[in-house]
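Here is my input; please provide its structure:
(2 chains)
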Amino acid sequence: MSEKFTKSMARNIFYGGGVFFFLLFLALTFDTQRELPKRDHRENITEKVALGKRVWEQNDCIGCHTILGEGAYFAPELGNVYKRFGNSKEAIIAFIKSRPPQGIKGRRSMPQFNLSDEELDALAEFLKWTSEVNTADWPPNIQG
Amino acid sequence: MQYSSQAVAKPYFIAAIALFVGQILFGLIMGLQYVWGDFLFPEIPFNVARMVHTNLLIVWLLFGFMGATYYLVPEETETELASPRLALALFWIFLVAGALTILGYLLVPYARLAEITGNSLLPTMGREFLEQPTITKIGIVIVALGFLYNITMTVLKGRKTVISMVLLLGLWGLAVFFLFSFYNPDNLVLDKYYWWWVVHLWVEGVWELILGSILAFVLIKITGVDREIIEKWLYVIIAMTLITGIIGTGHHYYWIGTPEYWQWLGSVFSAMEPIPFFMMVIFAFNMVNQRRREHPNKAATLWALGTPVMAFLGAGVWGFLHTLAPVNYYTHGTQITAAHGHMAFYGAYVMLVLTIISYAMPLLRGRAAANSGKAQVAEMWGFWLMTVAMVFITLFLTGAGILQVWLQRVSENPQPFMVVQEKISLFYWMRETAGLFFLAGLVVYIISFFVGGKEEAAA
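As a prediction, this is how the structure comes out:
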C-alpha cells in the first residue's frame, strides 16, 4: 500500500466506518421494529401460539426442519406447512401423532415426541400463525 | 515461548483438536443419515447429531480463540498474563460444562433436558446453534467475563499494539453479542431478527476481527515484515469487514417477515462482503513474498496462506453465490446454504485456529522454532487432505442444492421436499465419501503431532 496512506488514516476508517454503519444499523432496526406489527400480525399471538413456540423449541424441531427457510435442511420447510396441509390444523396434528416410535425402515424418520393434546394443538396454532406472516411472497411455491 | 504464562494456551489447543474430532464423527453420522434415513434411529436422531456437530464446532473454535489469545497477548503486550491460574481454572470449567451439555444432548430427550435445566424459567433453548440449556449459556457468559477480565488486565498493564487491541475488541464484541441469545420473544419474527445479532454479527462481524488479528500476528512472526505495514493492512481489512458486514446482516432479513427494503440493503452490502476476504488473500501472499526471514515452520506458512484463500472461496465466493435477493428467493434454506456454511466455517475459522496451533504448538512443546521436517510433511498432508476434501464436500452439496432448487422451486411442476431428496441422493453419497477423506486428513494431521525426527532450529 502507498506510503501516503498512513496507518492512522486506516485506523480512522476502521473506527469511523464501524461506528457509522453500526449506528445506521440501529436506525434501520428502529424502523424495522415500527414496521413489523403490520407484517407479523402480532395481535394474533395468543397464549396458545406462544405455548406452541415453546413446544417447537423444546423438541428442537429446528434440528431437522427449516421455518421461514432457517434451520436444518434434513426435513421439509414448516413455515407454510399449514397451507400445504390444506389449511388444516387437524392434518398437522394427525401427522405428528402418527409417527412410529421405531421409525420407518430405511427412511428419514421423525421421532415420536408423545406430545399432549394441548401441546399438539398449540404447536399447530403456532404453525398456522407462522404461515400468516408476510414473508415477501416466500417460499416460491407450496412445496416450501 | 518468551513468557511462561503462554503455556496455558496448550490445554486449550489440545481440547480444541479433541472436540474437532468429535465434530467430524458426528458430521459423518449426519451425512450417512441423509442417505440411510433410519441410521441410529431412534437412539441418535438427526437433530441430536446436528446439535452435537454444530455445538462442538462452536465450542472448539472458542477454545481455539481463547488459546490463541493466551498465546499471543503476552508476546504482544510484552508482559505475563494477569492470571494464568484463572486461565487454567476457566479451561476446566468450560471443558466440563461443554462436555456435560453434549452428554445431555446425547443421553436424554431434548424436551427432558429442557425440563431438567429449567428452561421454562428463562426459555432460550431450541433455536439453531443456541440449543444449549439456559444454565450452559449463563456458564458461557461467566467464562467469557473471566477470560475478558484476564485479557483486558493484561493488555492494560502492557504494551498496546494494534493486534492486541483489535483482538480485544473482537472478543468483547463476541461476548456482548452473545447476550442476545437470552432474548427470545414469543414473536418468531422478532426472535429471528435478534437471533442474527448473535449469529451474523459473530461470524461476519466480530469474529473477523479475531481472524484478522490472529492472522496478522502469525504473519509478523513467520515473515518478519515490519509491524507498521501489517497493522495498516489489518485496519483496512477489518474496516471493510464492518463497512460491508454490519448492514450485510440484511441478507438474512429478506423472507422472515421483515420490511422489503432489506432486500436492497442486504443485496448491495453483502455483495461487497467478499472484498475484505479478497484483501486478506492479497495481504497474506504479499507479506510472505516480502518476507525478511526464512521461518523453518513451513507448515504454519501453508496454513496462514490457506486460511485467507479458503475463507475467500467459502465465505466470499460461495456467500456471494446466493446473497442477492432475487437469487436467494430460490436458494434460501437449501443445500446451497449448507455448502456455503461448510466451506466458510472451514476456511475462515477452522483453518485460522489450525494456523495458530501450527505456529504455536511446537514452541509450547519446547522446540526451538518448528517441528522436524518429517512432522511438517505429515502436517501438510493433513492440510491438503482436509482442504481438498472440504472443496469436494462443498461442490457436491452445491450440486445437490442446484438440483434441489430446480426440482422443488423452479421447474413447472414443483415436487415435494422428500421426493426431491431421494432424487439427489447420489450427491449425498459423494459428499459422505468426501467426508471420509476429510476424516483421513484429520487422522494424518493428528498423527503429525507424534512424528519425531530432528526439530528445526530458529533461522
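
Need phi/psi at the residue most central in space within chain B.
By C-alpha atoms, centre = their mean, the mean C-alpha position of chain B lies nearest to B:Tyr349, the distance being 3.5 Å. B:Tyr349 adopts backbone torsions of phi -110, psi -40, taken as degrees, to the nearest 10.

Let me know whether A:Glu35 touches B:Glu260 as I believe.
No. A:Glu35 is beyond contact range of B:Glu260, at 9.5 Å (criterion: C-beta atoms under 8 Å). Every C-beta, even on glycine, is put in place using the N, C-alpha and C of the backbone.

near chain A, which residues of the stretch 351-459 of chain B show up?
By C-beta under 8 Å from any C-beta of the partner chain, the residues of the stretch 351-459 of chain B that approach chain A are B:Gln408, B:Arg409, B:Val410, B:Pro414, B:Gln415, B:Pro416, B:Phe417, B:Met418, B:Gln421.

let's see it at 6 Å
B:Gln408, B:Arg409, B:Pro414, B:Pro416, B:Phe417 (C-beta under 6 Å from any C-beta of the partner chain).

ranking those by neighbours, who comes first?
B:Gln408 (26 neighbours; other C-beta atoms under 10 Å in any protein chain shown).

For it, list the residues it contacts.
A:Gln143, B:Pro414, B:Val420 (C-beta atoms under 6 Å, 6 or more residues apart in numbering or on different chains).

Please look at the residue nearest to the centre of chain B and B:Leu61 and confirm they touch.
Yes. Judged on C-beta atoms under 6 Å, B:Tyr349 makes contact with B:Leu61 at a distance of 5.2 Å.

And the residue of the stretch 301-450 of chain B that's closest to chain A?
Per C-beta to the nearest C-beta, B:Gly333 is where the stretch 301-450 of chain B lies closest to chain A, at 3.3 Å.

show me what contacts that residue?
Neighbours of B:Gly333 in contact, by C-beta under 6 Å, 6+ apart: A:Thr66, A:Gly69.

where does it land in three-state SS?
coil (DSSP: H, G, I helix; E, B strand; the rest coil).

Let's see which of the residues of the stretch 351-459 of chain B next to chain A end up in helices.
Among those, the members falling in helices (DSSP state H) are B:Phe417.

Where do the domain boundaries of chain A fall?
A:1-40, A:41-144 (automatic domain parsing).

Packed most tightly, which of those domains would that be?
domain A:41-144 (a mean of 19; mean count of other C-beta atoms under 10 Å in any protein chain shown).

can you tell if it touches chain B?
Yes. Counting by C-beta under 6 Å from any C-beta, chain B is contacted by domain A:41-144 at A:42, A:45, A:50, A:53, A:57-60, A:62-64, A:66, A:68-69, A:71-74, A:76, A:103, A:107-109, A:111, A:130, A:133, A:135-136, A:138, A:140-141, A:143.

from the middle of its chain, how far away would that domain be?
Chain-centre distance of domain A:41-144: 10 Å, with C-alpha atoms, centre = their mean, to the nearest Å.

could you measure B:Pro362 against B:Thr69, distance?
From B:Pro362 over to B:Thr69 the distance is 19 Å, taken as C-beta to C-beta, to the nearest Å.
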